[in-house]
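1. Sequence and predicted model, in that order:
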Amino acid sequence: MIKNILLFLFLFVSISFAQGINYFSIESHKKFGNYLFESGDFIRANQEYREFLSKQENDTIRIRYAETLFRIERFTEAADYFKSAFYNSSFEDEARLGYFKSLFFAGLYDDFKKDLEINEYISPLYKNNIMKLNTMTYYLEKNPLPDSTEILSYFEDESRIKMSEFYLRKDIPLRKNRTKAALFSALIPGSGKVYLGEYGDGITAFIATGLLTYLAVDNFNANHKLRGAVFSGLAFLSYVGNIYGTALAAEKFNIGIKVNLDKEIRFYFKENNYFLPEIKY
Amino acid sequence: MRNIFIILFLLILFPILISAQTELKKWQPIKINYELKTNEEKSSYSTSGIFAKTLSGTKTLYKFFISDLDGDNCPFYPSCSEFYVESVSESGLVKGTFMFVDRFTRDLNFFKSREQYKVIKNNKFYDPVEYYISN
Amino acid sequence: MASILSPAVFAQSELKIQKEYADNLFNSGQLFDAITEYKRLQFFDIEGQYGYYTNIQIGEAYKGGGRFDDAVTYFANAERTASNDSLRFDAAINVIRVNILRRTNDNAHQLLDKLEKDMRYNDRMNEINYWRGWNYIFEDKWLVASIVFEKIDKNHPLALISKQTDKNKYSVNFAKVISYILPGFGQFYTGNYLSGLMSIGWVGLTGYWTLNSFVEERVFDGLVVGNLLFLRFYRGNYQNAEQFTIEKNIEVSNKSLKNLQNNYQGIKP
């Protein structure tokens, strides 16, 4: 009798287990999603988490879902999902950091600064990181920089030195005066280009204008009026062209300084992972 | 010891990480083309205005009768003739001509010092008109 | 007995169903989704029964999407998880095929050398030569490719195509040399008759002006005309000859490559 009962129980348990795993169940979506997330396949992890969240709520999955949106560069959506985890979540601090980093990467610097004024949006745990991001927004936008004391206070040691250097270079950029450069070229052809550091071009312009002027004078003296007129015209074009070109080159120089600084700053931020911590959800 | 670990980590993990491209969105199959890429690149530039259009026509004739036959002499991209047409189109005949004269002087540069230019394919120096139009 | 076996049987059939689902997606061209399902199969296949197969299929799917770096990663995974030498070899060949497609030909040669030196694959030299030949084709080295294909079979179709392509090509050196001696004739050689005639005209005219200036003892004029005009057009003549030859050769190569891609019935990269 006991033997039969045991056999019956054994069969019952075996049959129950024989249902097998449903690869598309909520739990499977979650497990597979986690596997994809950890192996860096964020777009597929995103799909799995979306399936899971359509039927069930879970703090960890929600924050991971937001992180996948961030990683596949859907920054505004990521910001929304991070924001939804601000309250009643085990990852309130991470959500706040995630929200601000999403706004930062979306380039929504105005929204970033506006929401920074709302105290409850700031995570005490990651305040320093958020404030560093805030400083970086000033470096990446075109507006004048605010006072350095406060915005640099969140950086330490080497990074502070580097950020100070960038601050100085952005606040007082190396500039060449366009009018000065043009006047130099008007006085001595090519000298404006030398002032801009384009020595080869400057000397060439000087020689070309000089040579053409000499040929004009020489031909007029030799009573070759037509040739004299042609060389005069060319000398005039060369002279005025050099002045105009020098003014444009000065503007190009100034823009180049800004563009190169911007590239350097972005590279430095990227190299330092935007001073963001590694978070494991 | 810590440094060794960091170096090992970078040497082993980094190549694995960089070898995979992050997929940012769903993609479709593509038809892979076996053919070799040709060097030919048609440079496109605007020609608005009567002067620019006239110059463009002259430039075409110049290119056909002279420029295509006297070799590849211009170190810049776009070439000086293309630069002239585009600068006139963007800035008018007078300013455009002065910009061209300046470009020609830079082309002549006896010292061949061109560090300020970006080098692009075919070893040309990239010097488009848009760098000189004041915004 | 059945009750003990039934969980295992169920699990097997589910894996098989998942495999078929992924295969259907793959065969219908939905490669992105196919990769998802192959990865799902990999994840739930705890014993790794389909490990090799899924890695190969994922690699093929990435290859079909032009994502060659990812394809190489998964083919390399397949190579590592292969259960025998034959499968390992097949996976290695897949890595080589992707390298050929993305034109990292040096890598492909190195990998082929490694397979050639491996004693386990002595009986698969024909396959190694076959892919080496394709690698040379993609490097635009048609003559060398034909020699390699001839090692498989003297009358191999790819050997014949490669040889013919090489024959159809123009000689850059010949075009340049003939242009040095007879300006304009380098362009005639490649069929650019108008350009050749105009070169002859300009070189002739500017040459005459240069000589005439020297004959009339206008040395300075002769030097200026000679330097600024004659030499310019003379240089232009052989530069054009070289350029036209290179362009024509690219056309010849592309014609053969297009033909191979669209019409060749054998295995392609």
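-> Yep, that arrived. Numbering: from 1, shown residues only, chains lettered A, B, ... in the order given.

2. for chain A, what are the nearby residues on chain B?
-> B:17, B:20, B:22-26, B:95, B:97-106, B:108-114, B:116, B:131-132, B:134 (Cβ under 8 Å from any Cβ of the partner chain). For glycine as for every other residue, the C-beta is placed from the backbone atoms N, C-alpha and C.

3. Mind jotting down where the helices sit in chain B?
-> Applying DSSP state H to chain B gives helices spanning B:2-19, B:50-62, B:80-91, B:93-108.

4. and the last one, what does it pack onto?
-> When you say that, I think you mean helix B:93-108. helix A:199-221, helix A:225-271, helix B:50-62, strand B:76-77, helix B:80-91 (3 or more Cβ pairs under 8 Å, 6 or more residues apart in numbering or on different chains; DSSP states H and E).

5. 6 Å instead, please
-> The contact analysis (3 or more Cβ pairs under 6 Å, 6 or more residues apart in numbering or on different chains; DSSP states H and E) places helix B:93-108 against helix A:199-221, helix A:225-271, helix B:80-91.

6. Can you tell me which of the ones you listed is nearest to chain C?
-> Nearest to chain C, of all the helices and strands packed on helix B:93-108, is helix A:199-221, at 12.1 Å by Cβ to the nearest Cβ.

7. So what touches the closest one?
-> A:189-190, A:193-194, A:227-228, A:231-232, A:234-235, A:238-239, A:242, B:105-106, B:108-111, B:113 (Cβ atoms under 6 Å, 6 or more residues apart in numbering or on different chains).

8. Moving C-terminal from the lowest-mean-pLDDT helix or strand in chain A, which element do we reach first?
-> Every helix and strand in chain A was compared by mean pLDDT, DSSP states H and E; the lowest is helix A:2-17, with a mean of 67. Per DSSP states H and E, the first helix or strand lying C-terminal to helix A:2-17 is helix A:26-38.

9. buried set for whichever helix or strand comes after that following helix?
-> Next in sequence after helix A:26-38, counting helices and strands by DSSP H and E, comes helix A:42-53. Buried residues in helix A:42-53, counting neighbours by 16 or more other Cβ atoms under 10 Å in any protein chain shown, are found at A:42-49, A:51-53.

10. got it, and stretch C:195-206?
-> C:195-196, C:198-200, C:202-203, C:206.

11. Could you pick out the buried ones from the contacts of helix A:199-221?
-> Applying 16+ other Cβ under 10 Å to the contacts of helix A:199-221, the neighbour count classes A:189-190, A:193-194, A:228, A:231-232, A:234-235, A:238-239, A:242, B:105-106, B:109 as buried.

12. now for those residues, which pair is the farthest apart?
-> A:V194 and A:G228 (29.5 Å; Cβ to Cβ).

13. coming back round to it: out of the buried ones among the contacts of helix A:199-221, which one sits closest to A:R64?
-> B:R106 (55.7 Å).

14. what residues are up against that closest one?
-> Counting by Cβ under 6 Å, 6+ apart, B:R106 touches A:D201.

15. mind redoing it with 8 Å?
-> When contacts are counted by Cβ atoms under 8 Å, 6 or more residues apart in numbering or on different chains, B:R106 touches A:201, A:204, A:245, B:76, B:127.

16. what's the answer for A:T246, then?
-> For A:T246, the contacting residues are A:181-182, A:184-185, A:192-193, A:196, B:102, by Cβ under 8 Å, 6+ apart.

17. Could I get the full set of helices for the stretch 101-250 of chain C?
-> Ranges of helices in the stretch 101-250 of chain C, per DSSP state H, counting those that start in this stretch, are C:105-117, C:125-138, C:142-152, C:157-168, C:172-181, C:185-189, C:193-215, C:219-225, C:231-263.

18. I'd like these as TSV, with mean pLDDT and distance to chain B appended.
-> Compiled in TSV, the helices of the stretch 101-250 of chain C are given as follows (pLDDT from 0 to 100; distance: least, Cβ to the nearest Cβ, whole Å):
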stretch	mean pLDDT	distance to chain B
helix C:105-117	97	12
helix C:125-138	97	7
helix C:142-152	97	12
helix C:157-168	97	12
helix C:172-181	95	11
helix C:185-189	95	10
helix C:193-215	94	6
helix C:219-225	89	14
helix C:231-263	95	3
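
19. These: which one's closest to C:D70?
-> Of all the helices of the stretch 101-250 of chain C, helix C:105-117 sits nearest to C:D70, with 15.8 Å by Cβ to Cβ.

20. in that closest one, what counts as buried?
-> By neighbour count on 16+ other Cβ under 10 Å, the buried set for helix C:105-117 is C:105, C:107-109, C:111-112, C:115.

21. Now render these as TSV, adding distance to C:E79.
-> Output for those, formatted as TSV (distance: Cβ to Cβ, whole Å):
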residue	distance to C:E79
C:N105	20
C:N107	14
C:A108	15
C:H109	18
C:L111	10
C:L112	14
C:L115	11
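
22. Considering the residues you listed, which is situated nearest to A:G98?
-> Nearest to A:G98 among those, with distances taken as Cβ to Cβ, is C:N107, at 39.4 Å.

23. shaky segments in the stretch 51-200 of chain A?
-> Judged against pLDDT under 70, the stretch 51-200 of chain A has no low-scoring part.

24. in it, what residue is nearest chain C?
-> Residue of the stretch 51-200 of chain A nearest chain C, by Cβ to the nearest Cβ: A:E51 (11.4 Å).

25. For chain B, see how far away that residue is.
-> Using Cβ to the nearest Cβ, to the nearest Å, A:E51 is found at 15 Å from chain B.

26. which residues touch the nearest residue to that residue once chain neighbours are set aside?
-> Distances taken as Cβ to Cβ, 6 or more residues apart in numbering or on different chains place A:H29 nearest to A:E51, at 4.5 Å, with adjacent residues excluded. Taking Cβ under 8 Å, 6+ apart, we find A:H29 in contact with A:48-49, A:51-52.

27. Which single one of those is nearest to C:N122?
-> Closest approach between the contacts of A:H29 and C:N122, by Cβ to Cβ: A:E48, at 46.0 Å.

28. what's the pLDDT at the nearest residue to the closest one once chain neighbours are set aside?
-> The shortest distance from A:E48 to any non-neighbouring residue, by Cβ to Cβ, 6+ apart, is to A:G33 (3.2 Å). At A:G33, the model reports a pLDDT of 97.

29. what about the residue of chain B found nearest chain C, neighbour count?
-> Of all residues in chain B, the one sitting closest to chain C is B:G71 (3.4 Å; Cβ to the nearest Cβ). B:G71 has 18 neighbours, counted by other Cβ atoms under 10 Å in any protein chain shown.

30. so it makes contact with C:R235?
-> Yes - counting by Cβ atoms under 8 Å, C:R235 is a contact partner of B:G71 at 4.7 Å.

31. tally of neighbours for residue 159?
-> Here I'm looking at chain A. A:S159: 15 surrounding residues under other Cβ under 10 Å.

32. try chain C instead
-> By other Cβ under 10 Å, 20 other residues sit near C:A159.
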